[in-house]
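Asks: just a sequence and a predicted model for now, questions to come.
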Amino acid sequence: MVKPYSIRAFLVQWVAIELVVMAIVAAISVIQIRDDFAFERLVMTSQLSTRAVEMRSSIGLLQPVLQLPDNDSHLSFVQIAAAVLKAYPYCNSIRLYEIKPGQSEWSETLSVPAMSAAPEETDLQTIISAVARQPDGDIVAYPLPHFAEHVVFAMKFMNRQRPAAVMVVYDAAKAIQSIHVPGNIEYQLYMGNRLIYTANPQPRGFLQRILPWFLVDMRRTSENPDDDTRFHSRYEKRVTFGQVFDWRLIVPLSLLGLAVLYAFHLLVNQRAALTQAQEAEQSARRQMELLRHENRLFQASRVNAVGELASGIAHELAQPLTALLSQSQAGLILVEKGDAGNRDGSLKQALAANVREAQRAGKILHRMRDYIVGNDIQPVLQELNPIIVNMVELLRVKLREQNIEVSMDFAAPSPKSVVGAIELEQVIHNLLRNAIDALSECSHDRKRIAIRTFSQDTVNIIEIADNGPGMSGEVLKNLFHPFFTTKQNGMGLGLSLCARLLERSGGMLHARNDNGAVFWITVPGEGVASPLISQGSRDSGPTLPVPSPP
């Protein structure tokens, strides 16, 4: 059961859950309403576009009729115009204007009115001057200043070498009423900044002011919004509070959240009781993992040491084998020049076998060296800081036993390089162990190892410094040579092996004295190709620049 001191937290969490539930329900409702609104706008826009296409097609049908012989053109025009008015009741009237021979003014030639009211002739005369200036063949819309909810579509053309114009009075209110406009959507038709017609006028409430998604102004041209000949539509949907916050969803979700929260508080005490045991178990597992990791590093160090030793042996044996091959070939040449001691050809056969076996030994040693060097290793992009932290954690017990303080100053974000993680771990592990061994022989009150990472030009640098006794000039000179050691039981392969491992990834190992021993590792920065990846061999890798001591 919930403890008394957690009642306040329980209530706060329950209120937070209620707010989240209401926000989720509101978001779902708004998305659904917005999608429905978009679909309704699409349907209305499609229907209005159909009306506009019908109007323009009707005007286009009237022009060819006037090209008929004089006796038939006007009669046919009247008949087709009457048919258009009957088919499209939102057309008020159709009129033909021409400039007759010998005149300079436009005059009405034909007029086919509908049964509804028609605009005054003076209204149309104010438009005819604008029609005279429009391009031939274009259909242009004009508002009627004194005839509300109506517009005029006009097309100017040449009829038998004389300017003519067809004007259709369009009842916008009837056209919009002929399509389906949902009752909760306010639709307004504008021509430029002039309001032509409003369907379903809606009062703007609180939700309309805070939810701008339900107000859409669809302009056809944004370059010149004040152009009085351009139509654009404005849609606004009325949304109620109940539509946004649907209590049919809020109530069950709130009860479900309350039940889940109560069950969660019942389980808190059980989880708290298990926390201590789980932490102890995890600590033991971490210690076991650290021990396994250290064992793997020791094993890898021994294997690589053996490999380095075998590589050195192969290098040393290659010279005697080369000399043996050269001498054997010289013996064959001498035998071929004379018959002494070679009457049965036995010397020649022996020398040939010597050459053949020497060549075979050389090939075997070459394959052995390639295997030991590990030319097939492919480094990958690694973050350097976590690798260093893992090695420090691995040696935490030894550091604590020797009372050694470790400071880490890492670059942020962590530098990244294309290296082999295990090989870099082995190098850092070896350097840290050497620093621990050096400090164990000191009597400092404060033994310290400083580790830092930073980038310089195209390389990333790892620096490991201690405040131990440092190194002599002779030791620095031979530090990375194989079999050179200052330890009583050392093999002298550790640092030479580290240098060889870094070379595989295009890196280098350096050392100096600065109030103790300082080792720093340079590896290619992110974006610089590793030699093993770019060329497949560490022997052909680029030489990285040696950074100036920081």
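Replies: Cool, got the structure. Numbering: from 1, shown residues only.

Asks: buried residues in stretch 50-69, which are they?
Replies: Arg51, Met55, Ser58, Ile59, Leu62, Gln63, Val65, Leu66 (16 or more other Cβ atoms under 10 Å). (C-beta placed from N, C-alpha, C; glycine too.)

Asks: CA atoms only: put the helix or strand hosting Gln125 into PDB for me.
Replies: According to DSSP states H and E, Gln125 maps onto helix 121-133. Extracted C-alpha coordinates of helix 121-133, given in PDB (Å, rounded to 0.1, in the frame of the first residue of the first chain):
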ATOM      1  CA  GLU A 121     -26.200  48.800 -68.400                       C
ATOM      2  CA  THR A 122     -24.200  51.500 -66.700                       C
ATOM      3  CA  ASP A 123     -22.400  48.800 -64.500                       C
ATOM      4  CA  LEU A 124     -21.400  47.000 -67.700                       C
ATOM      5  CA  GLN A 125     -20.200  50.200 -69.400                       C
ATOM      6  CA  THR A 126     -17.700  50.800 -66.600                       C
ATOM      7  CA  ILE A 127     -16.200  47.400 -67.400                       C
ATOM      8  CA  ILE A 128     -16.100  47.600 -71.300                       C
ATOM      9  CA  SER A 129     -13.200  50.100 -71.200                       C
ATOM     10  CA  ALA A 130     -11.100  47.600 -69.200                       C
ATOM     11  CA  VAL A 131     -12.100  44.800 -71.600                       C
ATOM     12  CA  ALA A 132     -10.900  46.800 -74.600                       C
ATOM     13  CA  ARG A 133      -7.400  46.800 -73.100                       C
END
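
Asks: report pLDDT for Gly242.
Replies: pLDDT recorded at Gly242 is 77.

Asks: no no, Ser455
Replies: 91.

Asks: quick one, phi psi at it?
Replies: phi -120, psi 140 (degrees, to the nearest 10).

Asks: okay, now it: neighbour count?
Replies: Residues lying near Ser455 (other Cβ atoms under 10 Å) number 16.

Asks: ditto for Arg160
Replies: Neighbours of Arg160 (other Cβ under 10 Å): 11.

Asks: quick one, what contacts it?
Replies: Gln67 (Cβ atoms under 8 Å, 6 or more residues apart in numbering).

Asks: how close does it get to Glu98?
Replies: 9 Å (Cβ to Cβ, to the nearest Å).

Asks: before we move on, the earlier item: need the buried residues of stretch 50-69 in a markdown table (columns: distance to Ala26).
Replies: As requested, the buried residues of stretch 50-69 are exported to a markdown table (distance: Cβ to Cβ, whole Å):
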| residue | distance to Ala26 |
| --- | --- |
| Arg51 | 37 |
| Met55 | 43 |
| Ser58 | 48 |
| Ile59 | 49 |
| Leu62 | 54 |
| Gln63 | 56 |
| Val65 | 59 |
| Leu66 | 61 |
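
Asks: which of these fall within helices?
Replies: Arg51, Met55, Ser58, Ile59, Leu62, Gln63, Val65 (DSSP state H).

Asks: distance between the strand or helix carrying Val475 and the chain's centre?
Replies: Following DSSP H and E, one finds Val475 within helix 473-478. Centre-to-centre, helix 473-478 and its host chain are 51 Å apart (Cα atoms, centre = their mean, to the nearest Å).

Asks: kindly report the same for stretch 21-37.
Replies: With Cα atoms, centre = their mean, you get 28 Å for stretch 21-37.

Asks: am I right that Thr453 is in a strand?
Replies: Yes: according to DSSP: H, G, I helix; E, B strand; the rest coil, Thr453 belongs to a strand.

Asks: ok, back up a step: who does the helix holding Val475 touch, helix- and strand-wise?
Replies: Contacts defined by 3 or more Cβ pairs under 8 Å, 6 or more residues apart in numbering; DSSP states H and E place helix 473-478 against strand 508-513.

Asks: about what we covered before: quick one: contacts of the helix holding Gln125?
Replies: Taking Cβ under 8 Å, 6+ apart as the rule, helix 121-133 contacts 95, 97, 106, 108, 140, 142, 144-147, 152, 154, 156, 163, 165, 167.

Asks: likewise stretch 36-55?
Replies: By Cβ under 8 Å, 6+ apart, stretch 36-55 touches 88, 90-91, 153, 168, 170, 175-176, 178-182, 185, 187, 213-214, 216, 218, 233, 235, 237.

Asks: take those and keep only those in helices.
Replies: Filtering the contacts of stretch 36-55 for helices - DSSP H - leaves Ala175, Ile176.

Asks: which members of the contacts of stretch 36-55 are positioned in strands?
Replies: The strands, defined by DSSP state E, take in Cys91, Phe153, Val168, Tyr170, Ile185, Tyr187, Val216, Met218, Ser233, Tyr235, Lys237 from these.

Asks: how confident was the prediction at the third one?
Replies: So that's Val168. For Val168, the predicted pLDDT is 89.

Asks: just the buried members of the contacts of helix 121-133?
Replies: Among the contacts of helix 121-133, the ones that count as buried (16+ other Cβ under 10 Å) are Arg95, Tyr97, Trp106, Val140, Tyr142, Leu144, Phe147, Val152, Ala154, Lys156, Ala165, Met167.

Asks: turn those into CSV, including secondary structure and distance to Leu395.
Replies: Formatted as CSV, these follow (DSSP: H, G, I helix; E, B strand; the rest coil; distance: Cβ to Cβ, whole Å):
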residue, secondary structure, distance to Leu395
Arg95, strand, 100
Tyr97, strand, 101
Trp106, coil, 102
Val140, strand, 87
Tyr142, strand, 89
Leu144, coil, 92
Phe147, coil, 95
Val152, strand, 92
Ala154, strand, 92
Lys156, strand, 94
Ala165, strand, 97
Met167, strand, 96
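
Asks: and which of the residues you listed is nearest Leu274?
Replies: Leu274 lies nearest to Val140 out of these, by Cβ to Cβ, at 81.0 Å.

Asks: that closest one reaches Gln134, doesn't it?
Replies: Yes: with contact defined as Cβ atoms under 8 Å, Val140 counts as touching Gln134 (5.0 Å).

Asks: mind listing the shared neighbours of the two?
Replies: Ala154.

Asks: circling back: turn the ones in helices among the buried residues of stretch 50-69 into CSV, including pLDDT and distance to Ala82.
Replies: Below are those laid out as CSV (pLDDT from 0 to 100; distance: Cβ to Cβ, whole Å):
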residue, pLDDT, distance to Ala82
Arg51, 83, 19
Met55, 81, 16
Ser58, 83, 12
Ile59, 84, 15
Leu62, 83, 11
Gln63, 81, 17
Val65, 81, 12
